[in-house]
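> One predicted model, sequence on top.
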Protein chains: 2
Amino acid sequence: MKIERAKGTKDVPPQEEIVKQEILDSLKTVFKLYGFSPLETPILERIETLTAKYTGGSEITKEIFKLSDQGGRNLGLRYDLTVPLARFVAMNPTIKLPFKRYQIGLAFRDGPIKLGRYREFWQCDVDIVGSKSMLADSECVKLTFEFFKSIGLKTFIEINNRKILDGIMESLEIPEKERNNVIIVIDKLKKVPLEDVKKELKQKGLYDKQIKQLLDIFGMEGNNAEKISNLRKIIKSDKGYDGLDELEQIFKYVKNKDLIFKISLARGLDYYTGTVFEAFTQDESVMRSSLAGGGRYDNMIGGLIGNADMPAVGIAFGVDTIIDALKASNKLKAKKTVTKVFVIPIKAEKESIKLADNLRKQGINAEVDIMGRGISKNLDYANSLDIPFVVFIGKKELKAKKFKLRDMISGKESLLSESSLIKRLKE
Amino acid sequence: MKIERAKGTKDVPPQEEIVKQEILDSLKTVFKLYGFSPLETPILERIETLTAKYTGGSEITKEIFKLSDQGGRNLGLRYDLTVPLARFVAMNPTIKLPFKRYQIGLAFRDGPIKLGRYREFWQCDVDIVGSKSMLADSECVKLTFEFFKSIGLKTFIEINNRKILDGIMESLEIPEKERNNVIIVIDKLKKVPLEDVKKELKQKGLYDKQIKQLLDIFGMEGNNAEKISNLRKIIKSDKGYDGLDELEQIFKYVKNKDLIFKISLARGLDYYTGTVFEAFTQDESVMRSSLAGGGRYDNMIGGLIGNADMPAVGIAFGVDTIIDALKASNKLKAKKTVTKVFVIPIKAEKESIKLADNLRKQGINAEVDIMGRGISKNLDYANSLDIPFVVFIGKKELKAKKFKLRDMISGKESLLSESSLIKRLKE
């Protein structure tokens, strides 16, 4: 029998998982600072929920892992955490608004396997349900900056508003039914050559003049205020003006030079209705995958409830791309173990166990030999896991009521009483 | 369209999820104190892995959620974290031993829905791979006591050894091929009436005399040492003696009056080979579901690798039953939000946002009105979520460079400078 993983999945061994857990803890800390509480929803959802109108759209629903239960009910594995949130809010009509929740969980997509893309992946989402105010969008943006600052990763955030994109297209007289398709093409501007984008736009039925005007607008130079001011002259649509007003408010609430108005930012998902944003590392050497992304989706939850009005905005962090960016910036300190000290008995098993227990009582992560190995094999083990300290306990030490501590990095040894040992290891 | 969850799944709203996260954090802390590092394996596994020999056995594999990917590969959702651990170790032959890992993750079983039983549930496992020594089993037992102590839940642990059970059955001349079936029946002793167990044992082909002897042994009175001593007279089998020796060693390493030798403890799973244990609350008023359980499974990993020798022992904690036990013991403090303070602007939006930002910089979980509501509606919101503090900012306060803090429990208000406010909220 072949021993393999399922295709498109990965194991995360301790030396990577320890770091991932630290990043997740940092995310949770920032989420809580902004008053987001945790929610958990199941991975299994009814297929009707996952494919409902206003949810992910056809690009995503064709990648759903489908299955059924013993009762023959049609289920799917969730492809994001936003649709389940909408389902939760729809089922809990008396929930207090604004409902500010975070959720960290796995999502699944049965898509093609590319480098760095997995069929099972973590999403870390914060969302605010119930507020139309740009203050809500601004909290998401600020929290994003705060989080990346907390892990020492220099980032910038690109921001746009779907209403501005709509307004531009309306002003260029691009037919309404083509606009969502055009947005999907625009979204590729970063990844595919300009000529290919032009060709695709032409295929969507746009005239050469429209394509030129569109790309001129996307190529517009200037700072955020200048771009907004220029667009106020170009756009001839109420929706477009609304989008510009909303964006201006966010710039008022979030004073940060790394928040950049990117007119071509679209984000592929169907459900966005206003603000959209994406965070990237400032490190030029790193491939520019987005580290976090989100936006406003005012119709999804209301659509699920049935014509109710339920605005929402949120952002999702991709923990894998964040780890990649940290690695590329040499900001990542891999650890092979959580253990701080390894206790090696030299014919003193009972005393070694007792010491390990006492260290643990003091909050020190401690291991003790459970293999009955000799000194050198135990040292090999401690070395191979980069355990920072080792304690030897033998007859000599027991007689002197002291323990020999070896700093595994410097190699320095010291003979210490139990209380001095604890003090030293707690440093 | 009906908005429903998938059958057998549940949402965990903030007021429950906050507590669950705290329990998971306590578990992680204790796991790390004992030198267990985190591992993550995927939820999707190949069906061949999940149904391999030496894994869960037919009782479990018939409950696997089956699905396939776009390439037509047969997959299943994992039903525990032990089989994936075995697969991981089998795929990583150079891993350092002992491999001590913890994993907290979801498992799935498409079983009948009973009260408190879900098709998607959390498992929190620690396992030690590579050590035959009873020191490893003892570490699992000690860690279990430590964890429950840390959350203030009084528990006892029942312990047994499959070799003892085998030895008893050998001595009673119960045929080898029936012994696993007998173990499954024995496992029901807690849950079904004695008469039903007798009937089932008779159906398995046991003579009345054998049944009587078996039940007499299970009903044996006395402390741990007395039971071991009595069994040494009854058992006539080397395997049985080995089991008694192993158990005696654990009692030597773990001196705890709440570790109780329970001769009838079997645990249903096929893969156990030695020590088995289960933890229960001491609270008599609570239904006695096991809060944690595990044991030694020396053949599973080796079986997957192919005839290699790879001993292992571990324990799994059931976070849902732990929460239920805490609730029943009135030890559970539900929280509706993580927010410590809610900032209410009285025509001072800008200043309120700034204060919230400053509080967050000081590590204080803070929310600010993002709905543009009046004072009383904002107070309603803070009240409904039991947010402990509210700060008011209006013209008067701004002029005095002070903030009005209201303790929402006592109702007491104080006018404080920003630094005093921060100091107070940090208390």
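On my side now, so go ahead.
> and the helix or strand of chain A with the lowest mean pLDDT, which residues are buried?
Counting by mean pLDDT, DSSP states H and E, the weakest-scoring helix or strand in chain A turns out to be helix A:58-61, with a mean of 79. Under the neighbour-count criterion of 16 or more other Cβ atoms under 10 Å in any protein chain shown, helix A:58-61 has A:60-61 buried. Using the backbone N, CA and C atoms, a C-beta is placed for each residue, glycine as well.
> ok, and what's touching it?
For helix A:58-61, contacts defined as Cβ atoms under 8 Å, 6 or more residues apart in numbering or on different chains pick out A:50-51, A:55, A:79-80, A:109, A:184, A:268-270.
> swap the cut-off to 7 Å and go again
The contact list for helix A:58-61, computed with Cβ atoms under 7 Å, 6 or more residues apart in numbering or on different chains, reads A:50-51, A:79, A:268.
> counting contacts, what elements does whatever helix or strand comes next after that helix pack onto?
Next in sequence after helix A:58-61, counting helices and strands by DSSP states H and E, comes strand A:66-68. Contacts defined by 3 or more Cβ pairs under 7 Å, 6 or more residues apart in numbering or on different chains; DSSP states H and E place strand A:66-68 against strand A:74-77, strand B:66-68.
> can you rerun that using 10 Å?
If you count contacts as 3 or more Cβ pairs under 10 Å, 6 or more residues apart in numbering or on different chains; DSSP states H and E, strand A:66-68 packs onto helix A:47-50, strand A:74-77, strand B:66-68, strand B:74-77.
> Distance to residue A:259, mean neighbour count and mean pLDDT added to the ones you listed, as JSON lines?
Shown next, in JSON lines, are the helices and strands packed on strand A:66-68 (distance: least, Cβ to Cβ, whole Å; neighbours: other Cβ atoms under 10 Å in any protein chain shown; pLDDT from 0 to 100):
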{"stretch": "helix A:47-50", "distance to residue A:259": "33", "mean neighbour count": "19", "mean pLDDT": "94"}
{"stretch": "strand A:74-77", "distance to residue A:259": "35", "mean neighbour count": "22", "mean pLDDT": "98"}
{"stretch": "strand B:66-68", "distance to residue A:259": "42", "mean neighbour count": "16", "mean pLDDT": "97"}
{"stretch": "strand B:74-77", "distance to residue A:259": "41", "mean neighbour count": "22", "mean pLDDT": "98"}
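> Kindly present the ones you listed as TSV, with separate columns for distance to residue B:148.
Listed next are these as TSV, based on distance: least, Cβ to Cβ, whole Å:
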stretch	distance to residue B:148
helix A:47-50	38
strand A:74-77	34
strand B:66-68	36
strand B:74-77	29
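> Quick check: the gap between residue A:272 and residue A:174.
18 Å (Cβ to Cβ, to the nearest Å).
> List the contacts of the residue nearest the centre of chain A.
For chain A, the residue sitting closest to the mean C-alpha position, by Cα atoms, centre = their mean, is residue A:317 at 1.9 Å. Neighbour list for residue A:317: A:23-24, A:27, A:30-31, A:102, A:104, A:122-126, A:143-144, A:147-148, A:279, A:290-294 [criterion: Cβ atoms under 10 Å, 6 or more residues apart in numbering or on different chains].
> Show the buried residues in the residues you listed.
Judged by 16+ other Cβ under 10 Å, buried ones among the contacts of residue A:317: A:23, A:27, A:30-31, A:102, A:104, A:122-126, A:143-144, A:147-148, A:279, A:290-294.
> For stretch A:414-427, output the C-alpha coordinates as CSV.
Extracted C-alpha coordinates of stretch A:414-427, given in CSV (Å, rounded to 0.1, in the frame of the first residue of the first chain):
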residue,chain,number,x,y,z
SER,A,414,27.0,26.0,35.5
LEU,A,415,26.2,24.1,38.7
LEU,A,416,23.0,25.5,40.1
SER,A,417,20.6,24.9,43.0
GLU,A,418,17.0,24.2,41.9
SER,A,419,15.9,27.7,42.7
SER,A,420,18.8,29.3,40.7
LEU,A,421,18.1,26.9,37.9
ILE,A,422,14.5,27.9,37.7
LYS,A,423,15.4,31.6,37.8
ARG,A,424,17.9,31.1,35.0
LEU,A,425,15.5,29.2,32.8
LYS,A,426,12.7,31.8,33.4
GLU,A,427,15.0,34.6,32.1
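> Could you list the buried residues of that stretch?
Within stretch A:414-427, the residues that qualify as buried by neighbour count (16+ other Cβ under 10 Å) are A:416, A:421-422, A:425.
> Quick check: residues of the stretch 151-300 of chain A near chain B?
Proximity of the stretch 151-300 of chain A to chain B, by Cβ under 10 Å from any Cβ of the partner chain, involves residues A:252-254.
> anything in the longest helix along chain A near chain B?
Scanning chain A for the longest helix, with DSSP state H as the assignment, gives helix A:14-33. Yes - Helix A:14-33 lies within reach of chain B by Cβ under 10 Å from any Cβ, at A:14-21, A:25, A:28-33.
> between those residues, which is nearest residue A:347?
Nearest to residue A:347 among these: residue A:14, at 30.7 Å, using Cβ to Cβ.
> Setting aside sequence neighbours, what's the nearest residue to that closest one?
residue B:37 (3.7 Å; Cβ to Cβ, 6 or more residues apart in numbering or on different chains).
> give the contact list for that neighbour.
If you count contacts by Cβ under 10 Å, 6+ apart, residue B:37 has them with A:13-15, A:17-18, A:21, A:335-339, A:365, A:385, B:31, B:99-102.
> all strands in the stretch 201-350 of chain A, in order from the N-terminus.
A:259-261, A:275-281, A:292-296, A:312-317, A:341-345 (DSSP state E, counting those that start in this stretch).
> Using JSON lines, please lay out the ones you listed together with mean pLDDT.
Compiled in JSON lines, these are given as follows (pLDDT from 0 to 100):
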{"stretch": "strand A:259-261", "mean pLDDT": "98"}
{"stretch": "strand A:275-281", "mean pLDDT": "96"}
{"stretch": "strand A:292-296", "mean pLDDT": "96"}
{"stretch": "strand A:312-317", "mean pLDDT": "97"}
{"stretch": "strand A:341-345", "mean pLDDT": "97"}
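> For residue A:393, give me its contacts.
Residues near residue A:393 by Cβ under 10 Å, 6+ apart: A:343-356, A:368, A:402-404.
> Recalculate using a threshold of 7 Å.
Per Cβ under 7 Å, 6+ apart, neighbours of residue A:393: A:343, A:345-346, A:348, A:351-352, A:355, A:403.
> Among those, which one has the most neighbours?
residue A:343 (26 neighbours; other Cβ atoms under 10 Å in any protein chain shown).
> what are the phi and psi values for the closest residue to that one other than its chain neighbours?
Sequence neighbours aside, residue A:368 is the residue nearest to residue A:343 in space, at 4.2 Å (criterion: Cβ to Cβ, 6+ apart). Per-residue torsions, residue A:368: phi -130, psi 150 (degrees, to the nearest 10).
> try residue A:126
When read as degrees, to the nearest 10, the backbone of residue A:126 gives phi -120, psi 140.
> Quick check: beta-bridge partners of it?
For residue A:126, the beta-bridge partners under DSSP bridges are residue A:102, residue A:315.
> thinking residue A:348 is in contact with residue A:396, fair?
No - in this structure, residue A:348 is not within contact of residue A:396 by Cβ atoms under 7 Å, at 10.1 Å.
> Okay, now the unreliable bits of the stretch 51-200 of chain A?
A:56, A:115-116 (pLDDT under 70).
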